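[1] return a 3D structure for these sequence lines:
(one chain, ligands or ions: 2)
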Amino acid sequence: MKTQTEAITYSNYINGEWISADGNSLEPSVNPANKNEVVGYVQLSSRAELDAAVSAAKAAKTEWRKLSGAARGEFLYKAANMLESRLDEIAETMTKEMGKTLPEAKGETARGIAILRYYAGEGMRKVGDVIPSTDQEALMFTTRTPLGVVGVISPWNFPVAIPIWKMAPALIYGNTVVLKPATEAAVTAAKVIECFDAAGFPAGVVNMVTGSGSIIGQGIVDHPDINGITFTGSNEVGKRVGQGAFARGAKYQLEMGGKNPVIIASDADLDLAVEGTISGGLRSTGQKCTATSRVFVAVEVYDTFKDKLLSKVRELKVGHGLDAGTWMGPCASENQYKTVLSYIDKGLAEGADLLFGGKKVTSEGLENGFYVEPTVFENVDIKMTIAREEIFGPVLALIKVESFEEAIELANDTEFGLSASIYTKDIGKILAFINDIDAGLVRVNAETAGVELQAPFGGMKQSSSHSREQGQAAIEFFTSIKTVFVKA
Ligand SMILES: NC(=O)C1=CN([C@@H]2O[C@H](COP(=O)(O)OP(=O)(O)OC[C@H]3O[C@@H](n4cnc5c(N)ncnc54)[C@H](OP(=O)(O)O)[C@@H]3O)[C@@H](O)[C@H]2O)C=CC1
Ligand SMILES: O=C(O)CCC(=O)C(=O)O
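    Ligands and ions are numbered 1, 2, ... in the order given. The predicted model follows:
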């Protein structure tokens, strides 16, 4: 029995009002730690509601753009304060809705607050450059203008941070926003939007419409009044978003998958490397696009590294994200759980050797959740499916390498290029790694995951649309440059 009576139904947020259409079906958002618990219900909206949200955003865009950056920033500061006042409650909802542990959820919510404050301050920073004209009497400079209405399509794995790192820069640079959050984490997203509502943004500046990807997501892609689309999620959907946006001349930005390598060189600090491999690969149950997936270990230290890794992995406590002491929570949904188990099966079928884990966790108290053991394979060939496709689960593939050059070559043998790390003390190897690795995030003696809000974030190859999010880089997507030439 699902505990429906306690679950709240969340509405869409359109033109400053919480609105539910009469005919909408509702989607239960289920706790992945206990599939019998419904965290809340969200609207499975129709295109008509998306149209209403886009119309509101379109109507609000001119007045919003005409505010000063500092005035827009004030609203972001207020949203940050609201989120801060609800940090514990929103983090708990996140843990219940998508499974990550409470400390991780609190950390993510705090990150959302910091992102809002960073971009609030951005309203006071420079937007252009003065460029010398060949005409001595003229003034030439660049300024920037917002895109207009921005559609935000976000995933479930960072249900606070990702919507915020897309919405905050969109808003500070003068755009209005329609958010379509992942259905799997839409209750948490609705609580974030409650904070924007409480901050008093003018009606229509911020809107949220929940519903299926194929209707509301695709509706954003196709909508003629949406001028820019920012997306994070799978490569399959991302490509569709990009193609649809391109076909109608909308600007788009895609952040997609990863198959991130870590290289453990023969001179690495192995304890540090083990810690970074476990944290990078298994934190958040491996559900990060920056998660460590392929572990290339120098032959000289392979056995020692493997033993140290396994002894630590054995100690990891899997459990409910709200329980103190839990290190790793469940997969975020039944779909994700089945996907991860099917990749483990493929690993076995294709001949990789399972060193640890690989099974569902059904111990007492966890039998109704989507728990998978932290899993480590060895003797993984670079051509195997588990070495090529994004698993998005707690699975590490160990690959022994004979040389540093082989490690770099194999690390680059992937269609993805989001993040990569190396553990070594050798400055020559460090510099070669920085130069030769195909990745947008290059990390030395640090895990592959670990994104700082003030720095550009994005990948090479098929991991992104070659654009960058966050930090000062966000201005490139959320604005267009005007080159101005003035003569008296
Ligand atoms: N790079 C990353 O950070 C992420 C990567 N992934 C990868 O994707 C895999 C699948 O996860 P999944 O949640 O299905 O990812 P999706 O790419 O399906 O979902 C991401 C977002 O896109 C929406 N969406 C779905 N279909 C469409 C569409 N046709 N047009 C526009 N928007 C759409 C989703 O809505 P809805 O939720 O309603 O389906 C969600 O808001 C994972 O296993 C992982 O490998 C997933 C999440 C994040
Ligand atoms: O590693 C992080 O903090 C961000 C990861 C991310 O953007 C993602 O998984 O979508």
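[2] how about stretch 285-304 and ligand 1, touching?
    Yes: contact between stretch 285-304 and ligand 1, assessed by CB under 6 Å from any ligand atom, occurs at Cys289. Bear in mind the C-beta positions are built from the backbone N, C-alpha and C, glycine included.
[3] chain center to that stretch: distance?
    How far stretch 285-304 lies from its chain's middle: 21 Å, per CA atoms, centre = their mean, to the nearest Å.
[4] check stretch 463-481 too.
    Centroid separation between stretch 463-481 and its chain, computed with CA atoms, centre = their mean, is 15 Å.
[5] just the CA atoms of it, as CSV, please.
    Output of stretch 463-481 as CSV, limited to C-alpha atoms (Å, rounded to 0.1, in the frame of the first residue of the first chain):
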residue,chain,number,x,y,z
SER,A,463,29.7,15.0,-23.2
SER,A,464,28.4,18.4,-24.1
SER,A,465,27.4,20.8,-26.9
HIS,A,466,31.0,22.2,-26.4
SER,A,467,29.6,25.0,-24.4
ARG,A,468,30.3,25.6,-20.7
GLU,A,469,28.1,26.3,-17.7
GLN,A,470,28.7,28.0,-14.3
GLY,A,471,31.1,30.7,-13.3
GLN,A,472,31.7,33.5,-15.7
ALA,A,473,31.3,31.1,-18.6
ALA,A,474,27.5,31.1,-18.2
ILE,A,475,27.2,34.6,-19.7
GLU,A,476,28.2,33.1,-23.0
PHE,A,477,25.1,31.0,-23.3
PHE,A,478,22.5,33.2,-21.6
THR,A,479,23.3,36.4,-23.5
SER,A,480,24.1,37.6,-27.0
ILE,A,481,26.9,40.0,-27.7
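[6] and that stretch, what's buried?
    Residues of stretch 463-481 classed as buried under the neighbour-count rule (16 or more other CB atoms under 10 Å) are 463-465, 467-471, 473-479.
[7] the residues you listed in helices, which ones?
    Secondary structure assignment (DSSP state H) places Ala474, Ile475, Glu476, Phe477, Phe478 from those within helices.
[8] for stretch 444-458, list the C-alpha coordinates in CSV.
    In CSV, the C-alpha atoms belonging to stretch 444-458 read as follows (Å, rounded to 0.1, in the frame of the first residue of the first chain):
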residue,chain,number,x,y,z
VAL,A,444,45.2,16.0,-10.5
ASN,A,445,45.4,14.1,-7.3
ALA,A,446,41.7,14.7,-6.9
GLU,A,447,38.6,12.6,-7.7
THR,A,448,36.8,13.1,-11.1
ALA,A,449,33.7,14.5,-9.4
GLY,A,450,34.0,17.9,-7.8
VAL,A,451,32.6,20.9,-9.6
GLU,A,452,33.1,24.4,-8.3
LEU,A,453,30.4,26.8,-9.0
GLN,A,454,32.7,29.7,-9.9
ALA,A,455,34.6,27.8,-12.6
PRO,A,456,33.5,26.7,-16.1
PHE,A,457,31.9,23.3,-16.3
GLY,A,458,31.4,21.1,-19.4
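[9] could you see whether ligand 2 lies near it?
    Yes: contact of stretch 444-458 with ligand 2 (CB under 6 Å from any ligand atom) involves Ala449, Val451.
[10] pLDDT on that stretch, on average?
    The average of the pLDDT scores along stretch 444-458 is 97.
[11] do that stretch and ligand 1 meet at all?
    No: interface with ligand 1: stretch 444-458 contributes nothing (CB under 6 Å from any ligand atom), its closest point being 10.8 Å away.
[12] thinking again about what came up before, from the ones in helices among the buried residues of stretch 463-481, which are also near ligand 1?
    When CB under 6 Å from any ligand atom is applied, no member of those is adjacent to ligand 1.
[13] strands of the stretch 251-400 of the chain, start to end?
    Counting by DSSP state E, counting those that start in this stretch, the stretch 251-400 of the chain has strands at residues 251-255, 260-264, 292-298, 353-356, 375-378, 395-401.
[14] I'm done for today, thanks for sticking with me.
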